[in-house]
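Student: Here's my sequence, what's the structure:
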Amino acid sequence: MYFKAYNSCIISAPIEDVWKTVRDFSTFHVWHPSFKVGTIRNGDPSDRVGCVRDLVAGDGGVFVEQLYELSDKEDTFVYKILESPLPMADYYGRIKLTKITDVNQTFFEWMAEAKVENQEHFDIITKVANDVVYQPGMKALQEKFAGDE
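Tutor: Numbering: from 1, shown residues only. Below is the predicted model:
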């Protein structure tokens, strides 16, 4: 069974500003309110494909994630969750930005896919993903850049 998610929003800021914030794989916890600590292992650069980060959620759960792809040309990156307290496997997430040209804003997309064993796990992942990860993260970015106007 597969969990799939798609979330999007409009951020009232130029794509260059939003990309500068989200592309740094080491600072997810700085802009995302559900996470309190984030570090890159082994002192690797945070934009090196293959670097691994440890994220500590507000509830103390630890997520180990690897930067899988990064494209400054396409304003997108893909990450893989290597370890998680959640009942899932083979999780890949993608953040993609698109310039909204007529108003100089950013269309923000957050997509993910993972394997889950059963409906109960599917329901858990869906709730956590939407209520703890995607929606709070996008809202935080919208608020961060709304203050810059």
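Student: Pull the residues that contact the top helix by length along the chain.
Tutor: Counting by DSSP state H, the longest helix found in the chain is helix 135-146. Identification of contacts with helix 135-146 by CB atoms under 8 Å, 6 or more residues apart in numbering yields 7-13, 17-18, 21-22, 31-34, 108, 110. No exception for glycine: its C-beta is placed from N, CA and C like everyone else's.
Student: where's the residue of the chain most remote from its centre, which helix or strand?
Tutor: The C-alpha centroid of the chain is most remote from Asp102, which lies 26.1 Å away (CA atoms, centre = their mean). Using DSSP states H and E, Asp102 falls within no helix or strand.
Student: In helices, which of the contacts of helix 135-146 appear?
Tutor: Asp17, Val18, Thr21, Val22, Trp31.
Student: rewinding a little: show the buried residues in the contacts of helix 135-146.
Tutor: 7, 9, 11-13, 18, 21-22, 31-32, 34, 108, 110 (16 or more other CB atoms under 10 Å).
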